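> Give the three-dimensional model of this entry:
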Amino acid sequence: MVLNALKYSLLGAAMCFMGYLFSWNGLVFLFQSDPVQLVVVDFQVRKVSSSTEPDDRFEYRPVFALAEASPPRAEYTQTYWQSHKIHLMGEVVPGRYRPETGEMRSDKAGGKWLWGGVMVFVVGLLVMIQAVFILGGVPDRQMPFRLGRGRRGFRIDIFGFPGDP
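Okay, the predicted model is just below:
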């Protein structure tokens with residue numbers, strides 16, 4: 001029982017740490033920035049060679065400016081590259097702006113990593129709570145997240161799928 005609780009608490013702690021790594025920067029930016037309207041003033045493009053695909057592909061990152069600012073206005077290039085354009089040139093999009101650093105992010109691009117990390121963190125907390133229930137005497141087979149060794153090695157069952165008798 002204690003060994004089971006230990007493996008669940010370690011898994012939960014690892015998931016919480018991964019969620020923290022993925023979402024912390026986005027959460028800090030969300031709370032320290034102001035909502036604004038951004039305009040896409042340019043796109044940077046780079047060619048990415050692929051060993052598995054016959055054609056090269058391209059990655060993009062938009063260059064934003066504040067829509068309300070008069071020219072010449074400060075521009076900010078998004079820090080990460082994307083495999084497709086999520087905005088069009090000249091499009092005015094809702095976003096956030098942090099005046100101290102000049103950083104600008106569109107709402108459409110910024111939320112994916114943020115909420116994915118938050119969800120991983122929450123699932124990690126639930127797994128750690130499950131470890132407390134196991135220490136309290138609740139059988140492992142009644143838990144929604146189960147870890148075990150199957151015929152083909154290590155397995156994870158969520159809500160009893162797959163591998164339920």
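
> Could you say which helix or strand holds the closest residue to residue 24 other than its chain neighbours?
Excluding the flanking residues, the one nearest residue 24 by Cβ to Cβ, 6 or more residues apart in numbering is residue 117, at 7.6 Å. The C-beta positions use only the backbone N, C-alpha and C, and glycine is treated the same way. Following DSSP states H and E, one finds residue 117 within helix 107-135.

> One more: residue 21?
Taking DSSP H and E as the definition, one finds residue 21 inside helix 2-32.

> still on that earlier bit, got the angle for the helix holding residue 117 vs helix 2-32?
Per axes from the mean of the first three to the mean of the last three Cα atoms, to 10 degrees, the angle that helix 107-135 makes with helix 2-32 is 150 degrees.

> that older thread, what residues are up against the residue nearest to residue 24?
18-24, 26 (Cβ atoms under 8 Å, 6 or more residues apart in numbering).

> buried subset of the residues you listed?
Buried residues within these, counting neighbours by 16 or more other Cβ atoms under 10 Å: 19, 22-23, 26.

> before we move on, the earlier item: of all the contacts of residue 117, which comes closest to residue 137?
residue 19 (28.5 Å; Cβ to Cβ).

> Would you confirm that that closest one contacts residue 114?
No - assessed by Cβ atoms under 8 Å, residue 19 is found out of contact with residue 114, at 10.5 Å.

> quick check: mean pLDDT across the helix holding residue 117?
The average pLDDT within helix 107-135 is 84.

> Next: stretch 62-81.
Averaging pLDDT along stretch 62-81 gives 86.

> Over to stretch 25-45?
Stretch 25-45 carries an average pLDDT of 89.

> Residues contacting that stretch, please?
The contact list for stretch 25-45 (Cβ under 8 Å, 6+ apart) reads 58-68, 75, 77, 85, 87-100, 103-106, 110-111, 113-114, 117-118.

> Brilliant, that's me finished.
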